[in-house]
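1. sequence plus predicted model, see below.
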Amino acid sequence: MINFTLRCQKDHEFEGWFKDSAAFESQNTAKGIECPVCGSHKIEKALSRPNISSGKTQSSAQAEVMRKTRKTLREFRQKIESTHENVGTRFAEEARKIHYGETELRGIYGETTGEEAKELVEEGVPIAALPWIEEAKEN
Ligand SMILES: [Zn+2]
């Protein structure tokens, strides 16, 4: 689909979606396009500004949202890392020890398998699964 900004003979601008440029031309020639303001059939393209809606191209707005989300997650990760101890793959073991008072109470983070996490939750060990973002350069 291609989005065209169209303009009628009275300078009313509006948008129209077409399969391709040729589809616009043929519809317009057949007077199949009408100005929503004045009903004129004398329509031309106002700008050649096609927005291709392929689902693959991110709009700048979407890219901005993704960038902010990554930034938030990165800041969150840094905060956790500065206040919690990294126990790596011993997470399930350490979380359990803390829960049962076998080791000092402290904030930890680390890796766990889905199965281990499920067992911890079933035992009543408070854990949270977080969306972890890889350390990466801002892009
Ligand atoms: Zn018009």
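-> Yes, it's here.

2. secondary structure element for the residue nearest to the spatial centre of the chain?
-> In the chain, the centroid-proximal residue (CA atoms, centre = their mean) is residue 66; its distance is 4.9 Å. Secondary structure from DSSP states H and E places residue 66 in helix 60-83.

3. which parts of the helix or strand just after that helix are buried?
-> On the C-terminal side of helix 60-83, the closest following helix or strand by DSSP H and E is strand 85-88. Buried residues in strand 85-88, counted by 16 or more other CB atoms under 10 Å: residue 87. For the C-beta atoms, the positions are set from N, CA and C on the backbone; glycine is no exception.

4. pull the distance from strand 85-88 to the chain's centre.
-> Strand 85-88 sits 29 Å away from the centroid of its parent chain (CA atoms, centre = their mean, to the nearest Å).

5. and that strand, which strands flank it?
-> Paired neighbours of strand 85-88 in the sheet (DSSP bridges): strand 108-110 (parallel).

6. the partner strand: what's the following helix or strand?
-> Heading C-terminal from strand 108-110 (DSSP H and E), you reach helix 114-123.

7. is the residue lying farthest from the centre of the chain in a helix, a strand, or coil?
-> Most distant residue from the mean C-alpha position of the chain: residue 102, 41.7 Å away (CA atoms, centre = their mean). Classification of residue 102 using DSSP: H, G, I helix; E, B strand; the rest coil returns coil.

8. for the ion, see how far away it is.
-> Using CB to the ion, to the nearest Å, residue 102 is found at 77 Å from the ion.

9. and residue 96, by the same measure?
-> Using CB to the ion, we find residue 96 at a distance of 71 Å from the ion.

10. can you tell me, leaving aside adjacent residues, what's nearest to residue 31?
-> residue 41 (4.2 Å; CB to CB, 6 or more residues apart in numbering).

11. what about that neighbour, which SS state?
-> With three-state DSSP as the basis, residue 41 sits in coil.
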